[in-house]
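structure here, sequence nowhere to be found:
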């Protein structure tokens, strides 16, 4: 709490300070690299112990080659260490970056229990004069209520007096944290002026510009509103897409044409996941607590949640056009990643889609070029060792993510391996409908209502 600007104005001086980063997987590594690159000594606490197991095997599970190189470099020169015990790591740290995210229950309610447990551990190890920066996505008021009270009760210290407390939603994306001149504008607020001053000094070492807001609740809202606005736009695109399917219009052509007009943009329709709609669930919970009615956002959630069911409808319709029932149909799903060309399964819709298809008594096989046969098997997916085996004898090919490799699919070869009429359900908008039908496939795609079969 007594750090001055002169204490952290060079990487050499920053070596005196230790920053603890508490989180999991790639997001944890991104923040570790950001602060290690700035010159701090960094202690990482992986709450799921996944990173610790990987480091023991000398492997880092990330498709970001620069991130892998930096992690190994910082481990080697001693700027980065991994500790499994939160209390131990906190007792050795000057700044604690808290990255653990709330969960969403099956009833669509936020679950902060994991955050509360971790805060208790941090509180027990917390030393006077430390700064805690919460970087998790929170409902407005959670940091100053749940987090602050848990830290104070466990430590016996007072926020703003004995230790600093700030909030800054540090966004994911390794380019933000590993580029030499990070220019991403971070939002920050704190419980008092001194906490804000120290938080700004620390964060300014990894970004050139900060946006300060009057209180933590406002900073929490900034993160939520931005994410929810994106969900709202996707809901509108999903409505447009469903209309286009009925009206015989290609939404992708509409979207492409709109984007060529000045200051115009249409988002891409997609099947939403709980992970992507987390911000919406968090806000609706807090709105209910203060009796604030948000009917448009409730409709947004309903619209996006229905898209997985709509995708299944496209599968059924495509199979019907091939004179095949859903029951006992052989389905090949291409894609496990949550986004194109990224090896990250969290947030993917594929697991849920497989479960639904299994309940419909469909035979499902899954393939993703970014994951090995062993990795897919360990994640519980029904899979084959090769792409060829995956599509042999298939009745329906479902593309869930737009990997570059899927944009180059050889449809003639797939048709030969299937040895029958095959339905293609394109959820990622990577296959040309006209070409697919010309090659003898039955095509269905979200928003692409131009199929003729």
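Yep, that arrived. Fair warning: this is a prediction, and the values are worked out from it, not measured in the lab.

where does the chain dip in pLDDT?
Under the criterion pLDDT under 70, the flagged ranges of the chain are 1, 25-26, 49-68, 171-184.

how near is residue 46 to residue 33?
14 Å (CB to CB, to the nearest Å). Any C-beta I mention is one placed from the backbone N, CA and C, and that applies to glycine too.

which residues sit in contact with the most centrally placed residue in the chain?
Nearest residue to the geometric centre of the chain (CA atoms, centre = their mean): residue 347, 5.8 Å. Contact partners of residue 347, counting by CB atoms under 8 Å, 6 or more residues apart in numbering, are 273, 275, 276, 338, 339.

ok, so of these, who is nearest residue 306?
Nearest to residue 306, judged by CB to CB, of the contacts of residue 347 is residue 273 at 13.0 Å.

neighbours of residue 69, just the number please.
13 (other CB atoms under 10 Å).

actually residue 230, not the one I wrote
A total of 14 residues lie near residue 230 under the criterion other CB under 10 Å.

list the beta-bridge partners for residue 110.
residue 104 (DSSP bridges).

hang on, isn't it packed against residue 102?
Yes: contact criterion CB atoms under 8 Å: residue 110 and residue 102 qualify, at 5.0 Å.

what is in contact with the two at once?
Joint contacts of residue 110 and residue 102 (CB under 8 Å, 6+ apart) are 139, 282.

now the contacts of residue 347 in JSON lines, with neighbour count, secondary structure and distance to residue 5?
Shown next, in JSON lines, are these (neighbours: other CB atoms under 10 Å; DSSP: H, G, I helix; E, B strand; the rest coil; distance: CB to CB, whole Å):
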{"residue": "273", "neighbour count": "20", "secondary structure": "coil", "distance to residue 5": "42"}
{"residue": "275", "neighbour count": "13", "secondary structure": "coil", "distance to residue 5": "38"}
{"residue": "276", "neighbour count": "18", "secondary structure": "coil", "distance to residue 5": "39"}
{"residue": "338", "neighbour count": "19", "secondary structure": "coil", "distance to residue 5": "40"}
{"residue": "339", "neighbour count": "12", "secondary structure": "coil", "distance to residue 5": "39"}
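
ok, those residues vs residue 95, which is closest?
Nearest to residue 95 among those is residue 275, at 27.7 Å by CB to CB.

so which helix or strand takes in the closest residue in space to the closest one that isn't next to it in sequence?
Excluding its sequence neighbours, the residue lying closest to residue 275 (CB to CB, 6 or more residues apart in numbering) is residue 347, at 3.7 Å. Assigned by DSSP states H and E, residue 347 belongs to neither a helix nor a strand.

and residue 347, how far from residue 368?
14 Å.

isn't residue 376 up against residue 370?
No: judged on CB under 8 Å, residue 376 makes no contact with residue 370 at a distance of 10.1 Å.

which of residue 46 and residue 33 has more neighbours?
Between residue 46 and residue 33, counted using other CB under 10 Å, residue 33 has the larger neighbour count: 26 against 21.

residue 364: which element?
Assigned by DSSP H and E, residue 364 falls within strand 363-367.

quick one: distance of the next helix or strand after that strand to the chain centre.
Downstream of strand 363-367, the next assigned helix or strand under DSSP H and E is helix 373-378. Distance, stretch centre to chain centre, for helix 373-378: 21 Å (CA atoms, centre = their mean, to the nearest Å).

ditto for stretch 359-370
The answer for stretch 359-370 is 22 Å, by CA atoms, centre = their mean.

what comes up buried for that stretch?
The neighbour-count check on stretch 359-370 (16 or more other CB atoms under 10 Å) flags 360, 362, 364, 365, 366, 367, 368, 369, 370 as buried.

contacts for stretch 307-320?
Contacts to stretch 307-320, defined as CB under 8 Å, 6+ apart, come from residues 238, 242, 269-272, 325-326, 329, 331, 349, 352-353, 356-357, 360, 395-396, 398, 423-425, 427, 442-446.

give me the buried positions along it.
In stretch 307-320, counting by 16+ other CB under 10 Å, buried: 307, 308, 310, 311, 312, 314, 315, 316, 318, 319.

in helices, which of those residues fall?
In helices, defined here by DSSP state H, the members of these are 307, 308, 310, 311, 312, 314, 315, 316, 318, 319.

could I get these as CSV with distance to residue 164?
Formatted as CSV, those follow (distance: CB to CB, whole Å):
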residue, distance to residue 164
307, 43
308, 43
310, 48
311, 47
312, 50
314, 52
315, 53
316, 56
318, 57
319, 59
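
which one of those residues is nearest to residue 189?
Nearest member of these to residue 189, counting by CB to CB, is residue 307, at 34.8 Å.
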